[in-house]
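Undergrad: have a look at this prediction, sequence included:
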Amino acid sequence: MPDLITLTGLRVRGHHGVFEHERRDGQDFVLDVVLELDTGPAARSDDVRDTVHYGELAEGLAAVVGGEPVNLIETLVARLLDVCLADGRVDAATVTVHKPHAPIPLTFDDVSVTRRRERPHA
């Protein structure tokens, strides 16, 4: 089993959605991210430069959510996976985007999209 770095519940304001009011007013999105990688080098060196810095990861993810609007959270998930896999040490990533205030005229707790992507093997 690979080593995992998990970031759960990152809340970021974004302006994504198919409706004009979603893009105008924005809403909070909640991200859960799991990175699969070998954390052995960092464990041996005790140096943050030998692992994925989760603070920097959170800032990169937040920049995407707070950035250019998209219609679908499926598209947003794909962009967030690109951020996760930009670090060559990450073998695979799973991203869930929760949209708890989606414009659904019924009572519900959450709507989310989850996708896992592996780094292509050469």
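TA: Nice, I can see it. Just so we're clear, the structure is a prediction, and the values are computed from it rather than from any experiment. Residues are numbered from 1 along each chain as shown.
Undergrad: what sits against the nearest residue to residue 10 once chain neighbours are set aside?
TA: Nearest residue to residue 10 in three dimensions, chain neighbours excluded: residue 31, at 4.3 Å (CB to CB, 6 or more residues apart in numbering). Every residue, glycine included, has its C-beta placed from N, CA and C. By CB atoms under 8 Å, 6 or more residues apart in numbering, the residues touching residue 31 are 7, 9-12, 61, 65, 80, 95-98.
Undergrad: and of these, the nearest to residue 89?
TA: When the contacts of residue 31 are compared for distance to residue 89 (CB to CB), residue 7 wins out at 15.5 Å.
Undergrad: would you agree that closest one is in contact with residue 54?
TA: Yes - using CB atoms under 8 Å, residue 7 is in contact with residue 54, at 5.7 Å.
Undergrad: higher neighbour count, those two?
TA: residue 7 (18 against 15; other CB atoms under 10 Å).
Undergrad: quick one: the more buried one is in a strand?
TA: Yes - the assignment for residue 7 by DSSP: H, G, I helix; E, B strand; the rest coil puts it in a strand.
Undergrad: beta partners for it?
TA: Counting by DSSP bridges, residue 7 forms beta bridges with residue 33.
Undergrad: can you pull the pLDDT of it?
TA: Note on residue 7: pLDDT of 98.
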